[in-house]
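Enquirer: predicted structure and sequence below. I'll ask about it afterward.
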Amino acid sequence: MPQDLLTCPLGDLPTTDGDTRLRTMRSSDRDDLAAAYQSAYPPEIGAANHAEALTEMDATFAGQYGVLRDDASFVALDGPRVVGAVMVTERSIWDEGLEGPFIIDLFVHADQKGRGFGAALVRAAMDACIRAGDNQLSLRVGEGSSPAAFALYRRLGFQ
């Protein structure tokens, strides 16, 4: 198994009590998602401009990175503003034989980091997968993954 692949076995109990700062992601969030995505990553990792970020969101909603799980993909809100997202697909398109849902992206707008949005988003995705009867949730860390994100994944049980 590649070293940048992390998997978390899912238990039977929800990991959160529900977070009012979150809701399921929808395609109408496209512009706000693009803004948060562009802010979250350096240009050489994410998108150099808003148009590139919009193209990335369009590709995601079109299923180019796998079929999105509507029940397990969430946005974080600061008031009415979308400030981050976790995007979960039915399975990884990069890892043949890897069973179960896969986090293709987790990002939080740079001006909102450190407020707990990333942890709340991953926990919400985990809860949705547990409710759906999934046994594990996986993701990849690599270029663009911050040390804080890696520490968060470890703290939440990804190995």
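Expert: That came through, no problem.

Enquirer: CA atoms for contacts and neighbours, from now on please.
Expert: Will do.

Enquirer: list the helices and strands the longest strand anywhere in the chain packs on?
Expert: Secondary structure of the chain per DSSP state E: the longest strand is strand 81-89. With contacts defined as 3 or more Cα pairs under 8 Å, 6 or more residues apart in numbering; DSSP states H and E, strand 81-89 has these neighbours: helix 30-40, strand 74-78, strand 102-108, helix 117-131.

Enquirer: using a markdown table, lay out those together with mean pLDDT, mean neighbour count and distance to residue 50.
Expert: Listed next are the helices and strands packed on strand 81-89 as a markdown table, based on pLDDT from 0 to 100; neighbours: other Cα atoms under 10 Å; distance: least, Cα to Cα, whole Å:
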| stretch | mean pLDDT | mean neighbour count | distance to residue 50 |
| --- | --- | --- | --- |
| helix 30-40 | 96 | 23 | 6 |
| strand 74-78 | 96 | 22 | 18 |
| strand 102-108 | 95 | 23 | 15 |
| helix 117-131 | 95 | 23 | 22 |
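
Enquirer: quick one: low-confidence parts of the chain?
Expert: 1-3, 12-18, 143-144 (pLDDT under 70).

Enquirer: run through the bridge partners of the spatially most central residue of it.
Expert: Central residue of the chain (Cα atoms, centre = their mean): residue 86, 2.3 Å from the mean position. Under the criterion DSSP bridges, residue 86 forms beta bridges with residue 74, residue 106.

Enquirer: roughly how far does it sit from residue 97?
Expert: Remark: distance between residue 86 and residue 97 (Cα to Cα, to the nearest Å) = 23 Å.

Enquirer: same check on residue 151?
Expert: Per Cα to Cα, residue 151 is found 26 Å from residue 97.

Enquirer: looking at it, the residue nearest to the centre of the chain is touching residue 102, isn't it?
Expert: No. Assessed by Cα atoms under 8 Å, residue 86 is found out of contact with residue 102, at 10.4 Å.
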